[in-house]
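# Build me a model from this:
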Amino acid sequence: MNHTSSWWQRRANDVAVLLMTALFLSFVLQVTSRYVFNSPIEWTLEACLTTWLWTVFWGCAFCLRDKDHVRFDILYNHVRPGTRRIFAGLSAACMVLGMLAALPGTWDFVSFLTIKKSPSLRIPLAYVFSIYIVFMLGVIAMYGVRLWAVLRNPQFGHDDEVSA
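Residues are numbered from 1 along each chain as shown. Predicted coordinates:
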């Protein structure tokens, strides 16, 4: 991995750490206020849910490597390298095309959510769920890079390499 992509990967991990820290602190505050002081704080549950949502989608799009994702590769591992290359190219193309096809509808729905606000923090729900658009763009980029790697590397799949 070159220096620039390594730097970006570390920054993406930093954001995930900040999100998990906010989640943990909100959770500790929630538990403490509820069980120690018997005075629950309303917004902490919402903060936990929102930071969890953001952590999951951010981490999936930017922190996990391709080989870290759940995959069903029983068939992939038992075919010839040339067929692996075809499978890898087709799956990457399907991911890119599927996410691109879903993007306009997702954008419309998230944009629609500007009229609603979260119950406690009063954050527009479009901000809360905008992470899904970021996730989609990250997945499109990740599988676009994988598709490019498959297309430009005739040896893709020969060394049981399942990540681009």
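# Now do the same for Gly82: its pLDDT.
pLDDT recorded at Gly82 is 84.
# same question but for His78, I mixed them up
83.
# domain parsing for the chain?
1-64, 69-164 (automatic domain parsing).
# could you dump the ones you listed to a markdown table with mean neighbour count?
The C-beta positions use only the backbone N, C-alpha and C, and glycine is treated the same way. Formatted as a markdown table, the domains of the chain follow (neighbours: other Cβ atoms under 10 Å):
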| stretch | mean neighbour count |
| --- | --- |
| domain 1-64 | 15 |
| domain 69-164 | 15 |
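# Mind telling me which of the ones you listed the model trusts least?
Among the domains of the chain, domain 69-164 carries the lowest mean pLDDT (a mean of 87).
# Please tell me how far that domain is from the chain's geometric centre.
9 Å (Cα atoms, centre = their mean, to the nearest Å).
# Can you name the element that comes right after the longest helix along the chain?
Longest helix in the chain by number of residues (criterion: DSSP state H): helix 81-112. Per DSSP states H and E, helix 81-112 leads on to helix 125-152 as the next helix or strand towards the C-terminus.
# Specify the angle between that following helix and helix 81-112 in degrees.
160 degrees (axes from the mean of the first three to the mean of the last three Cα atoms, to 10 degrees).
# From the contact counts, what lies against helix 125-152?
Where contact means 3 or more Cβ pairs under 8 Å, 6 or more residues apart in numbering; DSSP states H and E, helix 125-152 is packed against helix 42-58, helix 81-112.
# Format these as CSV; extra columns: distance to Arg71.
Formatted as CSV, the helices and strands packed on helix 125-152 follow (distance: least, Cβ to Cβ, whole Å):
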stretch, distance to Arg71
helix 42-58, 18
helix 81-112, 9
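# closest to Leu121 out of those?
helix 42-58 (5.3 Å; Cβ to Cβ).
# what's the angle between the closest one and helix 125-152?
Going by the same axes, to 10 degrees, helix 42-58 makes 10 degrees with helix 125-152.
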